[in-house]
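Enquirer: I need the structure of the sequence given here:
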Amino acid sequence: MLAIMTVAPAAAQSSGDGSYYSRYGIGMLESFSSPQSEALGEGAFALRTTNYNPVANPALWADQIYTRATGALRVNVINTEGPSGNSAVLGAGSLEALQISFPLYTSRLGVGLALQPYSTSNYEVFRQGTVDVGVDEVTEAAYETAYEGRGGLYLFRSGLGGRVTENVRLGATVDVIFGSIKNTVRTRFPNIPAGTLAPSVSTVQTRVSGVTSTVGSQFSFPDVFQENDLLGFGASISLPATLSGDRTRTLDESLDADTVAVADGEMSLPYEIKAGVAYHMGQRWKFVADGVYAPWSTFDATFENSASSLGQFPLGGEGTLNDRWRLSAGSEFIPAGDDRFRSYFARTGYRLGTFVEQQYTTSDPGTNVYVMGATGGFSFPTAVPGTRVDLTFHVGTRGTSEPDLVQDLFYGGSLAISIGERWFTKPKLR
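Expert: You can find the predicted model right below:
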């Protein structure tokens with residue numbers, strides 16, 4: 001376990017959430033599904049909707065009425081505290097998702113497309129210490145090492161969701177995962193005579209891509225507890241994926257950087273199960289509860305020149321990664337229900353959610369990292385039917401600063417615009 005002295009300021013960050021924990025595995029996993037689900041604890045895997053195109057469960061695309069395009073931007077701020085009491089504030093903005101969906105048959109068969117981050121690696125951590133040298137009467141030298149990571153993986157998802165019966169919906173997608181992660185280690189010796197020990201820069205860049213699939217289902221039961229209510233159950237499973245590519249190691253950062261090794265390899269991503277329950281109490285109230293599980297302890301990578309030789313966390317192997325689980329719950333309230341003639345704020349949606357998660361990454365082999373937080377937001381109607389503007393907030397903690405670990409206090413928000421219009425409508429003759 002590295003002794004963390006400090007974390008770089010926000011100016012050193014390029015994008016993403018800037019968490020120290022994004023240096024492990026393939027980075028911090030992203031879980032955006034829709035603006036609505038994000039405000040409900042990032043779940044809502046069983047919640048039927050015509051105002052959004054949720055990515056997590058393709059079966060929910062069956063209810064599409066409008067051709068819909070959604071874009072979301074996120075701002076995240078992290079206050080990181082190390083074991084020595086050192087702290088830093090990191091802030092960054094990023095694109096959260098681009099989505100489009102449209103009905104092939106209104107409320108029966110829908111198509112969904114999405115491009116969004118799958119994981120983000122974005123950190124800068126410093127280590128200081130001394131090393132025995134025994135060169136030119138110098139027996140001990142102080143050193144400073146900076147560990148930096150940039151990049152991540154992206155997900156492109158395309159598929160269909162269809163209504164099999166009035167109460168059963170099924171969906172399936174083809175998922176392409178691709179991207180690159182670049183890890184750099186810089187070491188210098190600030191207090192020894194020039195020429196005694198030279199500073200060094202070593203970089204490992206891993207590029208991978210692969211194809212997998214996700215299948216989903218949703219079951220609805222109307223009038224369960226009272227008239228006009230709806231109880232729904234939904235689940236999806238993303239199949240295991242094998243990503244192949246290459247890993248390049250270079251020395252120095254100038255135009256004359258020396259490539260010392262190039263190796264082909266693969267990494268295996270585990271399956272992921274998402275399941276949830278949703279209850280529509282008429283048109284005004286919605287309640288959701290959801291869970292996620294993925295056995296990341298089975299993750300493995302066959303690349304040579306392991307990143308562990310650069311001080312990075314090893315990819316795969318016993319005790320290096322945890323099985324990931326996540327529980328969440330949330331509620332939505334729209335005072336006007338589906339009455340479009342009520343006041344503006346009565347037609348606004350108000351949302352709250354909460355979640356707890358065991359991350360797939362560990363801060364040291366065998367040390368679990370937990371994330372707890374709360375979400376909330378507003379969904380504002382517009383003058384264009386089918387179009388809404390969503391403002392979402394989140395706050396939470398990740399990890400712990402005791403003993404010798406790192407704790408993140410994170411907070412931020414996102415702005416999403418979901419535009420819906422009726423396309424491909426056949427004109428009627430009068």
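Enquirer: only C-alpha atoms for contact and neighbour calcs from this point on.
Expert: Fine.
Enquirer: that's a helix at residue 36, yeah?
Expert: Yes - remark: residue 36 belongs to a helix, assigned using DSSP: H, G, I helix; E, B strand; the rest coil.
Enquirer: quick check: residue 349 vs residue 295, distance?
Expert: Per C-alpha to C-alpha, to the nearest Å, residue 349 is found 35 Å from residue 295.
Enquirer: more crowded one of those two?
Expert: The residue with more neighbours, out of residue 349 and residue 295, is residue 349; 21 against 17, by other C-alpha atoms under 10 Å.
Enquirer: beta partners for the more buried one?
Expert: residue 379 (DSSP bridges).
Enquirer: how much space separates it from residue 288?
Expert: From residue 349 over to residue 288 (counting by C-alpha to C-alpha), the distance is 15 Å.
Enquirer: please apply the same query to residue 249.
Expert: Residue 249 is 46 Å from residue 288, by C-alpha to C-alpha.
Enquirer: who's more crowded, these two?
Expert: With neighbours defined as other C-alpha under 10 Å, residue 249 and residue 288 compare such that residue 288 has more, 25 against 21.
Enquirer: hang on, the more buried one packs against residue 234?
Expert: No - counting by C-alpha atoms under 8 Å, residue 288 does not reach residue 234; the two are 10.7 Å apart.
Enquirer: got any residues that touch both of the two?
Expert: By the contact definition C-alpha atoms under 8 Å, 6 or more residues apart in numbering, residue 288 and residue 234 are jointly contacted by 46-47, 276-277.
Enquirer: what ranges does this structure have for its helices?
Expert: Ranges of helices within the chain are 35-39, based on DSSP state H.
Enquirer: where are the low-confidence patches of it?
Expert: Residues of the chain meeting the criterion pLDDT under 70: 1-17, 83-87, 133-139, 193-196, 253-261, 304-320, 363-366, 402-404, 424-430.
Enquirer: kindly list the longest strand within it.
Expert: Longest among the strand segments of the chain by residue count, using DSSP state E, is strand 138-163.
Enquirer: report all helices and strands that that strand contacts.
Expert: With contacts defined as 3 or more C-alpha pairs under 8 Å, 6 or more residues apart in numbering; DSSP states H and E, strand 138-163 has these neighbours: strand 109-120, strand 123-135, strand 168-188.
Enquirer: so which elements touch the shortest one?
Expert: It refers to strand 109-120. Applying 3+ C-alpha pairs under 8 Å, 6+ apart, we find strand 109-120 packed against strand 28-29, strand 87-105, strand 138-163.
Enquirer: please work out which of the ones you listed is packed deepest.
Expert: Sort the helices and strands packed on strand 109-120 by mean neighbour count, taking mean count of other C-alpha atoms under 10 Å, and strand 28-29 sits at the top with a mean of 22.
Enquirer: now do it: which elements does it pack against?
Expert: So strand 28-29, by 3+ C-alpha pairs under 8 Å, 6+ apart, packs with strand 109-120.
Enquirer: name every strand pairing with the strand it packs on and say which way it goes.
Expert: Next to strand 109-120 in the sheet, as set by DSSP bridges, lie strand 28-29 (antiparallel), strand 87-105 (antiparallel), strand 138-163 (antiparallel).
Enquirer: which strand residues bridge the residue nearest to residue 172 when sequence neighbours are not counted?
Expert: Excluding the flanking residues, the one nearest residue 172 by C-alpha to C-alpha, 6 or more residues apart in numbering is residue 215, at 4.2 Å. Beta bridges link residue 215 to residue 172, residue 237, judged by DSSP bridges.
Enquirer: stretch 272-282: how far from the chain's middle?
Expert: On the basis of C-alpha atoms, centre = their mean, to the nearest Å, stretch 272-282 sits 20 Å off its chain's mean C-alpha point.
Enquirer: save the helices and strands packed on strand 138-163 as TSV, and put in distance to residue 302 and mean neighbour count too.
Expert: Formatted as TSV, the helices and strands packed on strand 138-163 follow (distance: least, C-alpha to C-alpha, whole Å; neighbours: other C-alpha atoms under 10 Å):
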stretch	distance to residue 302	mean neighbour count
strand 109-120	20	23
strand 123-135	24	15
strand 168-188	16	21
